[in-house]
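A.B. asks: Predicted structure and sequence below. I'll ask about it afterward.
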2 protein chains.
Amino acid sequence: MTERLVLHEYAASGNCYKIRLTAALLGIPLERRHYDIMKGETRTPEFLASVNANGRIPVLQAGDRFLPESNAASFYLADGSHLIPDTSFDRADMLRWMFWEQYNHEPNVATLRFWLAFVGEAQLSPGQREQLPAKRAAGEAALRLMDEHLERRAWFVGDSATLADVALYAYTHVAEEGGGFRLADYPAVHAWLARVAALPGYIPITA
Amino acid sequence: MTERLVLHEYAASGNCYKIRLTAALLGIPLERRHYDIMKGETRTPEFLASVNANGRIPVLQAGDRFLPESNAASFYLADGSHLIPDTSFDRADMLRWMFWEQYNHEPNVATLRFWLAFVGEAQLSPGQREQLPAKRAAGEAALRLMDEHLERRAWFVGDSATLADVALYAYTHVAEEGGGFRLADYPAVHAWLARVAALPGYIPITA
C-alpha cells in the first residue's frame, strides 16, 4: 500500500491487536496513535468529529479516510493477500467466523477480560455484575464451538491461516485474563493457538 | 449460481430477510426451509449436527455446504455483483457497516423487537427486563449515528446501494415493532428506507 496508514488504538485491546497482527503477517508498516480509553479519550468532540462518530477504537486511517471496526480494517489490509481465500465460498466462510466473533465471542470473552482485568470487579455496576454468569456461560459455549470445529482441521477455513484465525486468536489467547476460562479445557483451541503464534511475521499483543 | 441454494430460516427474522432481499435484488432463486425458533427447532440434535452447531438461523445451504451468519451469506450471494463495491477501501467500508450492524445495532434494535413483539414483555426474565433501558438507549444511539451519516449521502457507502444498506435496512425498517423507537425522529433514515424499498427487485419482509 502506498498511502500512509495510521492505527488509532488502545494497545491492550484485542480488537486493535487484530489489525497490528494482520499488518505484521503481511509486512505492512503501520504508524500508531494511542488513546487512553480508560480516560475517555475516544469520546472527545474532536475524536467523534474526525476519527469515529461511534466513539470507539480501533480505527484505521488510510490517507485521509477513516475505517472503524477491527475486522473491516483487517480486511482492508489483507484484501488480495493470502490471508483471504480466493474462492467465493471460503471467502464468505471466513467472514462467517469474523461475524460470529463479533456477535458470539467478543461480547463475552473480551468483555469479561475488560471488566475483570481492566475495569476491576469492584468498579462494575450492579447491572454489569448481574451479567457475569451469562457472559461466562456464553464465552464457554463460544470456546467449545471453536474447539469442536478445530478437532477436525488446523485452521478455521480451508487449509491455511486466514483473517478468521487472526480475528479469533486476538481475544482467545488472552481469554484467561477474564478470570474463569481455562484454555487447557479446550485442547484443539490450545494447539491452534500455537499454530497461529508460529506463523511467519507473528507479533505478540504486547509488541 | 448453478448450485442448489436453500435458506434455512425463520421468516420474520430480519437476519433471514437480509439474505432473501439480497437474492431478490440479484434475481437469484432460493429454496426456503422453515424452522420455528419459538419451539426450539434450531436446537435439535439433527439441526446442530447437520446445519449449524451454533443453533441459529439463518443458514444458507449451497449444495452440500452450510454457511451461517446473515451478513456472510449475503456476501456469498453478492460476491462479484454490483452490491459489493469494486474498490478495496469501499469494500472494507461496506464490511465496516455490516460489522457495526451486528455489534451495535442488531443486539439492541433487533433484540428489543424480538423480546417485545415476539416473546412478549410479560414472558421476559428479570435479567432481560433489566436490560431494556440500556438496549433502548443503545438502539437510539445506533439510529442517530445512521441518521447523521445519511444526512450527507444517499447510501451508506459510495453512490449506490450495497450490502451495507441491505444489512441495515432489515431491522431498521421494522424498528418500531420493538416499541418506543420512532423512525419519524430520524428523517435521513426515513428517506433512505424509501430509497431501499424502491430498488429494482425489492421484496418486503413478509414476502
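C.D. replies: Received the coordinates, thanks.

A.B. asks: Contact partners for A:Ala207?
C.D. replies: Residues in contact with A:Ala207 (C-beta atoms under 8 Å, 6 or more residues apart in numbering or on different chains) are A:Arg20, A:Ala24. Every residue, glycine included, has its C-beta placed from N, CA and C.

A.B. asks: Quick check: it is in a helix.
C.D. replies: No. Membership of A:Ala207 in a helix is not supported by DSSP: H, G, I helix; E, B strand; the rest coil, which gives coil.

A.B. asks: separation between it and A:Arg20?
C.D. replies: Distance of A:Ala207 to A:Arg20, given as C-beta to C-beta, to the nearest Å: 7 Å.

A.B. asks: for A:Trp155, same thing?
C.D. replies: According to C-beta to C-beta, A:Trp155 stands 20 Å off from A:Arg20.

A.B. asks: Tell me which of these two has more neighbours.
C.D. replies: A:Arg20 (23 against 16; other C-beta atoms under 10 Å in any protein chain shown).

A.B. asks: for stretch A:87-97, which positions count as buried?
C.D. replies: Across stretch A:87-97, burial judged by 16 or more other C-beta atoms under 10 Å in any protein chain shown covers A:Phe89, A:Asp90, A:Arg91, A:Ala92, A:Asp93, A:Met94, A:Leu95, A:Arg96, A:Trp97.

A.B. asks: same thing with stretch A:137-147?
C.D. replies: Within stretch A:137-147, the residues scored as buried using 16+ other C-beta under 10 Å are A:Ala138, A:Gly139, A:Glu140, A:Ala142, A:Leu143, A:Leu145, A:Met146, A:Asp147.

A.B. asks: right, is it up against chain B?
C.D. replies: Yes. Applying C-beta under 8 Å from any C-beta of the partner chain, one finds stretch A:137-147 touching chain B at A:Leu145.

A.B. asks: coming back round to it: please list which of the buried residues of stretch A:87-97 are also close to chain B.
C.D. replies: Contacts with chain B within the buried residues of stretch A:87-97, counted by C-beta under 8 Å from any C-beta: A:Phe89, A:Arg91, A:Ala92, A:Asp93, A:Leu95, A:Arg96.

A.B. asks: before we move on, back to that, could the buried residues of stretch A:87-97 be laid out in JSON lines, adding pLDDT?
C.D. replies: Formatted as JSON lines, the buried residues of stretch A:87-97 follow (pLDDT from 0 to 100):
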{"residue": "A:Phe89", "pLDDT": "98"}
{"residue": "A:Asp90", "pLDDT": "98"}
{"residue": "A:Arg91", "pLDDT": "98"}
{"residue": "A:Ala92", "pLDDT": "98"}
{"residue": "A:Asp93", "pLDDT": "98"}
{"residue": "A:Met94", "pLDDT": "98"}
{"residue": "A:Leu95", "pLDDT": "98"}
{"residue": "A:Arg96", "pLDDT": "98"}
{"residue": "A:Trp97", "pLDDT": "98"}
